[in-house]
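Asks: sequence and computational prediction follow.
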Protein chains: 2
Amino acid sequence: MRLMQPFAAQLQFHSGLIEPYGEKTVRRLSDMRGMYQDIAAMEELIKQGDPLLYEVYEVDVPHEEGQLIYCTSIIYPGKVGDEYYMTKGHFHSKESTAEMYFSLQGRGYLLMQTHDGQVSALEMVPGTVAYIPPFWAHRTVNTGDEPFIFFGVYPGDAGHNYGTIEERGFAKLVVERNGKPVLVDNPRYHPHPTLPRKQERATPTLPSPASRGGNGGNNAQSPREISGYREG
Amino acid sequence: MRLMQPFAAQLQFHSGLIEPYGEKTVRRLSDMRGMYQDIAAMEELIKQGDPLLYEVYEVDVPHEEGQLIYCTSIIYPGKVGDEYYMTKGHFHSKESTAEMYFSLQGRGYLLMQTHDGQVSALEMVPGTVAYIPPFWAHRTVNTGDEPFIFFGVYPGDAGHNYGTIEERGFAKLVVERNGKPVLVDNPRYHPHPTLPRKQERATPTLPSPASRGGNGGNNAQSPREISGYREG
């Protein structure tokens, strides 16, 4: 085995710039087709210039067991219809691996869900260190009016599975209501096939920073609140 | 397997305080007997009140494969003789696991070494993200005049082996010379028994932030520079 040499990168807290970095991922709205509810608004925005939604700067570390991959993510502010700009979201290919997000700038939400239908949402403000335990899919959402920037760390052998989310979606959406972010059911969510389709689940409220867990189950929103999101 | 729930902690960049935290480790100078060269200076400081050298606040995550343990470390400023306050330093019990340090406040050095005699030193200033690859023992040193605070992440199954460093020491010391930190050979270092004792190795210079690796091998310091460190 070849011994790897130690190294350092320098991160600017305010911009999220990390140097040197290896791979850079850029997602424009056209990379997110099928993920937003308001298809007409989405296609119009793509026609108008296909806005940049987010960038990920990953430091160059081997994707191997025992290593730690780390990156900064910058989600720009904006909405598609009433839905805030967000990441694609994914499970890890090796689902028994965790991930950690360290929030640097701006504000947003970390949305998580499991195959068996559990949902969690954590608010992220600068200094929030959010823990994504093994087996939770995760997506981040910028609910502010400046870039939402965070630093992420995950095990080198975690891998990314985007396919499950592309096929099934996220159970919850983060949308703007009266100028504020609200969590609503995703009417187009396809639960995991092992789950009964009509299962009723409480919608978690959007919690404050540093609260533990987000599956309160109180204040479930009524179906009326999401009816506008059946895209037509 | 019981599914773990997501949670968030809140970290203050300036103080290193992270809440909620689980285990807190406190090291006073008396916990570091045998690790400093100037034994007379050390015993005098212990007599005068046994100063607090560093604290580690660890967030409560299971120490299991696939999880990520994270903590903030606060090393206070000070010296024992000419040696700066530092951590004990350790290998991981599972040596094939990496660690990542994200520097928040103050300045210091990350000192690393392998069983086969390689040495590396990386300077850490706010924003430095230092990578400790698998198989490298690591120790941090506060070379500034304010608390040196960093955030660390390591795999849940890494574990700590302090014994090897307690027995053998670190190959290099970080000492003050004319008001500046300098890396010198540790005259009391016991190399790994598989290594020839008299092996000559270049001393790395103390590098600037964000430089890659620290084993330059240039500017090796002369034995005269370390002669004062043969403790008497």
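Replies: Sure thing, it's come through.

Asks: show me the contacts for residue A:97.
Replies: A:134, A:154, A:155, A:157, A:158, B:66 (CB atoms under 8 Å, 6 or more residues apart in numbering or on different chains). In this view, the C-beta of every residue, glycine as well, is placed from N, C-alpha and C.

Asks: make it 10 Å
Replies: A:65, A:91, A:132-135, A:154-159, B:65-68, B:155-156 (CB atoms under 10 Å, 6 or more residues apart in numbering or on different chains).

Asks: before we move on, what about residue A:163?
Replies: Applying CB under 10 Å, 6+ apart, the residues near residue A:163 are A:90, A:91, A:93.

Asks: between those residues, which is nearest residue B:171?
Replies: Checking the contacts of residue A:163 against residue B:171 with CB to CB, the nearest one is residue A:93 at 39.2 Å.

Asks: so the closest one sits right up against residue A:157, yeah?
Replies: Yes - with contact defined as CB atoms under 10 Å, residue A:93 reaches residue A:157; the gap is 8.6 Å.

Asks: neighbour count: those two, which is higher?
Replies: residue A:157 (18 against 13; other CB atoms under 10 Å in any protein chain shown).

Asks: can you pull out the helices in chain A?
Replies: Remark: helices assigned in chain A by DSSP state H are A:39-47, A:163-168, A:224-227.

Asks: so what's residue A:158 up against?
Replies: A:63, A:65, A:68-69, A:90-99, A:134, B:66 are the contacts of residue A:158 under CB under 10 Å, 6+ apart.

Asks: again with residue A:104
Replies: Counted by CB under 10 Å, 6+ apart, residue A:104 has contacts A:11-16, A:72-74, A:124, A:126-128, A:147-151, B:13.

Asks: 8 Å instead, please
Replies: Residue A:104 makes contact with A:13, A:14, A:16, A:72, A:126, A:149, A:150, A:151, according to CB under 8 Å, 6+ apart.

Asks: for the closest residue to the last one other than its chain neighbours, which residues make a bridge with it?
Replies: Spatial nearest neighbour of residue A:151, chain neighbours left out: residue A:102 (4.3 Å); criterion: CB to CB, 6 or more residues apart in numbering or on different chains. Beta-bridge pairing of residue A:102, defined through DSSP bridges, involves residue A:129, residue A:151.

Asks: in contact with residue A:102, which residues?
Replies: A:128, A:129, A:150, A:151, A:152, A:153, B:11, B:102, B:151.

Asks: residue A:108 too?
Replies: Residue A:108 neighbours (CB under 8 Å, 6+ apart): A:75, A:84, A:123, A:124, A:140, A:141, A:142, A:143, A:144, A:148, A:150.

Asks: before we move on, what about residue A:131?
Replies: A:98, A:100, B:6, B:7, B:8, B:9, B:59, B:61, B:68.

Asks: quick check: bridge partners of the residue nearest in space to the middle of chain A?
Replies: Nearest to the geometric centre of chain A sits residue A:139, at 1.6 Å (CA atoms, centre = their mean). Beta-bridge pairing for residue A:139 (DSSP bridges): residue A:111.

Asks: distance of it relative to chain B?
Replies: 12 Å (CB to the nearest CB, to the nearest Å).

Asks: same check on residue A:100?
Replies: Taking CB to the nearest CB, one finds residue A:100 at 5 Å from chain B.

Asks: same question for residue A:128.
Replies: 5 Å.

Asks: and for residue A:98?
Replies: Counting by CB to the nearest CB - residue A:98 and chain B are separated by 5 Å.

Asks: now residue A:23
Replies: With CB to the nearest CB as the criterion, residue A:23 and chain B are 16 Å apart.

Asks: what's the burial count for that residue?
Replies: Residue A:23, neighbours per other CB under 10 Å, totals 11.

Asks: and if you look at residue A:146?
Replies: Neighbours around residue A:146, by other CB under 10 Å: 11.

Asks: on the pLDDT front, check the residue lying closest to it once chain neighbours are set aside for me.
Replies: Nearest residue to residue A:146, sequence neighbours excluded (CB to CB, 6+ apart): residue A:106, at 4.9 Å. Residue A:106 is assigned 98 on the pLDDT scale.

Asks: show me what contacts residue A:106?
Replies: Contacts of residue A:106 (CB under 8 Å, 6+ apart): A:75, A:77, A:126, A:142, A:144, A:146, A:147, A:148, A:149.
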